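Visitor: take a look and give me a structure for this.
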Amino acid sequence: METGKLFNGTGMESIWKSYSSGSGFPALDGDTTTDVAIIGGGITGITTALLLKEAGYNVVVAESYSVGGGSTGSSTGNLYIAVEEGFDTIKSKYNADTLNTVLSARRDAMELVAQNVSQFGLDCDFRRQTWYLYAANEENIDKVKGEFKAALQAGAPAEEVLPGELPFPVVTGFRIGGQANFNPLRYVQQLAQAIHDEKCRIYEQTAVIAVDDEDEKIKKVRTHKGTIHARYVVHATHTPKGVFLDFHSLLGTYREYGVAVKLASGSYPEGIMWGYYERNERYSARSYEHNGEKYLMVIGQTHEVGQKEDNNENIAHLEKFLREHFDVEAVTNTWGGQNYKPADGLPYIGRKRKGSDVFVATGFSTDGLTYGTLSAIIIRDLITGNENDYTRLFDATRHNPLKAAGKFIKENAINAAVTFKDYVLFKDAEIADIPTGEGRVVEVDGKKVAVYNEASGNVKACSAVCTHMGCLVHWNSAEKTWDCPCHASRFSTDGDVIEGPAFTPLEKLQVR
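Guide: Here you go, the predicted structure:
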């Protein structure tokens, strides 16, 4: 059932979750057998389930919480052929032909979403839009012109922005028509309802706690209440669950934030507008409309997961940006989303190793809705034996050391420095000094403990050691979570896994 309510100001909730369609799938209870086990019920998992079901396979989807409620329900809602890494970056690392293949792949994914909306009659506010990239100052002219040139060389239908076309100061810019946006949560929830049957079973509140994939014929996906036996396993979890050093060491982990507002006056601008400002800061703005209710939102303020002292500053900067350019009446929603940037600029989609029947899909940067849909196409093709340009280009087992070297060194140096600081240069705090509604890592009897001070005056305490690979979690003040700075596992104040590669919750502890 659609909630239709607005964010009430007591927590963070995306605009998409304000207009959720609801889901209501059962939890797994007992062992079961299928052809394909899919871990994760976001846009990647549900689209993969759809395509494999259409190809004649039996599918089981295991979702830890609710369908679409993770990264999909915290995304931007945009679909476009543009890439977050930039046209010029991909062309420079590879060539114009490779960039053209990337854009074609993303176009196919976008059109699959449009096809599904039409075929299944999905009420998800899907609208065609124009995508824009512009420089708001002289500092970024060359950057935007370089992007424009690379887009044209790759065959993208790019055109220069006309004077006064955008509601922002524009020194130079270009546009690409025929892109789209939608409510990704409603899309995934309704698509899941449309495909759910005896051949495609979807389970919610079914957290996967281990995957035994050593057997070549039968893999075992273990949950608290049963085991899924399957020939194929798909990690549709934004980043693979468990220890996948081949991938986790090649991913930069980031969070960015969104703010949605109602305007007191003025029109809501149409389009997906990316703008570069001072210090190369980029803001993405767009409007959203549901049943006549209009909103304006801005996305940005990226930082490494677990490495921001006060996340509330990010929200404040986005609100300030909107108020500087529009007559804002009220902030209705604030939220955060996670992304994983690949070392060589392209996502890793396909078999976890040569010949394996276990598949991964990760490294989408901030392009998860399009790349998640593309992942479903590629994984379907691999399972059905259809090798093509897309399966080869995005091959998860590829190694591009020269293209990845700088990023690889940077990301792992950051992780090493943070771990050293946390363990060797640890600054202790007193539990009594933790403000209400905040968390701190303290040392109790020689153990690092993550302590959250509830408004009731009680405290929740968990081990501060991430169950993935032993780094110390950091407090996220805006979202009230414990975030690991090494590989981006995130935990609730109760220690439950919210996101990331960790399977196991943080150990609950008792403190005075």
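Visitor: tell me the contacts of Gly337?
Guide: Ser14, Ser71, Ser74, Ser75, Thr76, Arg255, Glu256, Tyr257, Gly258, Thr366 (CB atoms under 8 Å, 6 or more residues apart in numbering). For the C-beta atoms, the positions are set from N, CA and C on the backbone; glycine is no exception.
Visitor: try 6 Å
Guide: Applying CB atoms under 6 Å, 6 or more residues apart in numbering, one finds that Gly337 lies in contact with Ser74, Ser75, Glu256.
Visitor: what do you get for Leu51?
Guide: When contacts are counted by CB under 6 Å, 6+ apart, Leu51 is found next to Ala376, Arg380.
Visitor: can you confirm it is in a helix?
Guide: Yes - counting by DSSP: H, G, I helix; E, B strand; the rest coil, Leu51 is found in a helix.
Visitor: which one of the contacts of Gly337 is nearest to Ser489?
Guide: Ser74 (16.0 Å; CB to CB).
Visitor: find the nearest non-adjacent residue to that closest one, please.
Guide: In this structure, Ser74 finds its nearest non-sequential neighbour in Gly337, 4.0 Å apart by CB to CB, 6 or more residues apart in numbering.
Visitor: check the secondary structure at that neighbour for me.
Guide: Following three-state DSSP, the label given to Gly337 is strand.
Visitor: looking at strand pairing, list the partners for it.
Guide: Going by DSSP bridges, Gly337 is paired in beta bridges with Glu256.
Visitor: against Asp310, how distant is it?
Guide: The span separating Gly337 from Asp310 equals 18 Å under the rule CB to CB, to the nearest Å.
Visitor: SS state for Ser365?
Guide: Three-state secondary structure (criterion: three-state DSSP) places Ser365 in coil.
Visitor: pretty sure it is touching Ala82, no?
Guide: No - the pair formed by Ser365 and Ala82 falls short of the contact definition of CB atoms under 6 Å, at 11.2 Å.
Visitor: so if I had to pick from these two, which one is more boxed in?
Guide: For Ser365 versus Ala82, the count of surrounding residues by other CB atoms under 10 Å is larger for Ala82: 23 against 19.
Visitor: the more buried one: what's it in contact with?
Guide: By CB under 6 Å, 6+ apart, the contact list for Ala82 reads Trp131.
Visitor: quick one: it from Ala396, how far?
Guide: For Ala82, the distance to Ala396 under the criterion CB to CB works out to 23 Å.
Visitor: repeat for Glu387
Guide: Distance of Glu387 to Ala396, given as CB to CB: 14 Å.
Visitor: the two: who's more crowded?
Guide: Ala396 (26 against 10).
Visitor: that one touches Val360, doesn't it?
Guide: Yes - here Ala396 reaches Val360: they are 5.3 Å apart, a contact under CB under 6 Å.
Visitor: secondary structure element holding Cys462?
Guide: Counting by DSSP states H and E, the secondary-structure element that holds Cys462 is strand 459-463.
Visitor: alpha carbons of that strand, in PDB - could you do that?
Guide: Taking C-alpha atoms only, strand 459-463 is exported to PDB below (Å, rounded to 0.1, in the frame of the first residue of the first chain):
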ATOM      1  CA  VAL A 459      23.200   2.900  25.900                       C
ATOM      2  CA  LYS A 460      23.600   0.200  23.200                       C
ATOM      3  CA  ALA A 461      27.000  -1.400  23.000                       C
ATOM      4  CA  CYS A 462      28.600  -3.600  20.300                       C
ATOM      5  CA  SER A 463      32.100  -4.600  19.500                       C
END
